[in-house]
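Visitor: Next one to model:
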Amino acid sequence: RTAELARANEILREEIAERNRAEEARQRLEREVQGAHKMEAVGRLAGGVAHDFNNLLTVIIGRCEVLLGRVSSNHPMRPDLLLIYEAAQKAALVTRQLLAFGRKQVLQPKVLDLNAVIRNMETMLRSLTSDNVELRKDLTEELFSIEADRGQIEQVLMNLVVNALDAMPSGGKLRIHTCNVELDGSPEGFGFTVKSGPYAMFSVQDTGRGMSSEILPHIFEPFFTTKDKTSGSGLGLPTVYGIVKQSGGYITVASCPGEGSTFKVYLPGLCAAAEPLDENERITLAPHGRETILVAEDSDLVRQLTREILEVRGYRVLEASNGNEALNICKMYRGPIHLTLSDVVMPGITGRELVEQVVQIRPDMKVLLMSGYTDEISKAGFLHPGLHFIEKPFTSNSLALKIREVLDPPQL
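Guide: Alright, predicted model coming up:
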């Protein structure tokens, strides 16, 4: 009888333990889903706000450039114009960070050697570190290649390094590490499920002040910061989070007060050979042109500015305030139209829909899309081969350079 009671108690304890484990798993999944929904909602809001601001900033930056080109170097208004221009550029950086968090950027991925990207940034990273910080690289050879936007991956590394340095005001050790990892299902310590497969991992580890368990759940939220208002915008880590997620990867963080922090970024690994890094990216002045360009833009302010930018550089400009009007011009205009420059988000026919129709009417015409928001470019956020894009807000020179790039493709 006693043995039967003991056995029944043992079975009951096992059932209670199993129920407790199931309840803990349910609560963990619930927290994960709630957190994902929260980040998605904030991301949509951030992307929408950035889209509207980018149209306004395009006009502010462009008009400043027009005025700066008209006043002499010693004109009394020039310093004020430069201050406005500088403030608008800083505002544009904030909108780019919001778009990154909301995963609304247009990425132009290439097959990259992550180690080569890190080595290429070493001089710049060392210039950020003070004498009391020891920077060490620990890069694993034969690392998986990754398919990602090089500029965005550099932004991730830069933000994580700056975050680590901010956590070590009195100095310390900073380690950048890479290795190959196989992830499967729900890796230990992740707190979320992942797509199984090979990954190239890089981590940024510091010996700084660390973070408490109360702070950790909030570090990827926009505008959340533990720094004072003069040294942190609260967008550095949210930008990292958005770029990593849009690139198909994952990010984890481990930290304790007084023991430093380790951020690990996992990006899908490839066995393909990496493309060589382009070291010839320099700022140059765009040449003028004499081609005919159709500008399709529903914002009057942006369209008028764009027309002036192009006409000053010698182009003949046709204007359309929406997609239907642009389509009619393509059908009715008797002369050649060398390029259509179209906004992506317009009432009626969108930029993407306009592209699909005008290339049927004028097969030789080039197309360049512009937007401060990417949802209509591609649902995945990646730029399709052969489709040209410029991000708002743009400067007059960057627009002119991009137009020449589209009109004068490199000869193979």
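Visitor: Which parts of this protein belong to which domain?
Guide: 2-101, 110-270, 292-407 (automatic domain parsing).
Visitor: now those domains as a markdown table including mean neighbour count, mean pLDDT and distance to residue 276?
Guide: For every residue, glycine as well, the C-beta is placed using N, CA and C. Below are the domains of the chain laid out as a markdown table (neighbours: other CB atoms under 10 Å; pLDDT from 0 to 100; distance: least, CB to CB, whole Å):
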| stretch | mean neighbour count | mean pLDDT | distance to residue 276 |
| --- | --- | --- | --- |
| domain 2-101 | 14 | 75 | 26 |
| domain 110-270 | 17 | 85 | 8 |
| domain 292-407 | 18 | 85 | 19 |
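Visitor: just so I know, which of those lies nearest residue 277?
Guide: Nearest to residue 277 among the domains of the chain is domain 110-270; the distance by CB to CB comes to 5.9 Å.
Visitor: Can you check the distance spanned by the closest one, start to finish?
Guide: 12 Å (CA to CA, to the nearest Å).
Visitor: chain center to that domain: distance?
Guide: Computed by CA atoms, centre = their mean, to the nearest Å, the separation of domain 110-270 from the middle of its chain amounts to 15 Å.
Visitor: Surely residue 388 and residue 368 touch.
Guide: Yes - Residue 388 is within contact range of residue 368, at 4.6 Å (criterion: CB atoms under 8 Å).
Visitor: what touches both of these two?
Guide: 402, 406 (CB atoms under 8 Å, 6 or more residues apart in numbering).
Visitor: what about the longest strand in the protein?
Guide: strand 172-183 (DSSP state E).
Visitor: Kindly confirm my reading that residue 202 forms part of a strand.
Guide: Yes - when classified by DSSP: H, G, I helix; E, B strand; the rest coil, residue 202 is found to be part of a strand.
Visitor: Quick one: residues contacting it.
Guide: So residue 202 contacts 114, 118, 157, 176, 177, 178, 264, 265 (CB under 8 Å, 6+ apart).
Visitor: Any chance of the residues you listed in CSV with distance to residue 402 as columns?
Guide: Rendered in CSV, the data for the contacts of residue 202 read as follows (distance: CB to CB, whole Å):
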residue, distance to residue 402
114, 28
118, 29
157, 26
176, 33
177, 37
178, 33
264, 36
265, 30
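Visitor: Of these, which pair is most distant in space?
Guide: Once CB to CB is applied, these give 118 and 264 as the farthest pair, at 14.4 Å.
Visitor: out of the contacts of residue 202, who's nearest residue 404?
Guide: Of the contacts of residue 202, the one sitting nearest to residue 404 (CB to CB) turns out to be residue 157, at 31.1 Å.
Visitor: about what we covered before: could you redo the domains of the chain as TSV and give each row distance to residue 277?
Guide: As requested, those are arranged in TSV below (distance: least, CB to CB, whole Å):
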stretch	distance to residue 277
domain 2-101	22
domain 110-270	6
domain 292-407	19
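Visitor: one step back: tell me which strands and helices the longest strand of the chain is in contact with?
Guide: helix 114-120, strand 133-139, helix 150-166, strand 197-206, strand 261-270 (3 or more CB pairs under 8 Å, 6 or more residues apart in numbering; DSSP states H and E).
Visitor: so which of the ones you listed gets nearest residue 17?
Guide: Comparing the helices and strands packed on strand 172-183 by CB to CB, strand 261-270 comes nearest, at 31.7 Å.
Visitor: Could you spell out the sheet neighbours of the closest one, each with its direction?
Guide: strand 145-148 (antiparallel), strand 197-206 (antiparallel), strand 250-255 (antiparallel) (DSSP bridges).
Visitor: Tell me which of these lies nearest to residue 308.
Guide: strand 145-148 (36.7 Å).
Visitor: Toward the C-terminus from the helix or strand in which residue 7 is found, list the very next helix or strand.
Guide: For residue 7, the element it lies in under DSSP states H and E is helix 2-70. Remark: after helix 2-70, the chain's next helix or strand is helix 78-101, criterion DSSP H and E.
Visitor: chain center to that next one: distance?
Guide: 16 Å.
Visitor: Offset the numbering so it begins at 46, please.
Guide: Understood, numbering begins at 46; the last thing we discussed is helix 123-146.
Visitor: and the angle from that helix to helix 195-211?
Guide: 100 degrees (axes from the mean of the first three to the mean of the last three CA atoms, to 10 degrees).
Visitor: so what strands line up beside whatever helix or strand comes next after helix 123-146?
Guide: Next along the chain after helix 123-146, taking DSSP H and E as the criterion, comes strand 155-157. Sheet pairing of strand 155-157 (DSSP bridges) gives strand 190-193 (antiparallel).
Visitor: Mind putting the strands paired with strand 306-315 into JSON lines with distance to residue 259?
Guide: Compiled in JSON lines, the strands paired with strand 306-315 are given as follows (distance: least, CB to CB, whole Å):
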{"stretch": "strand 190-193", "distance to residue 259": "33"}
{"stretch": "strand 242-251", "distance to residue 259": "20"}
{"stretch": "strand 295-300", "distance to residue 259": "12"}
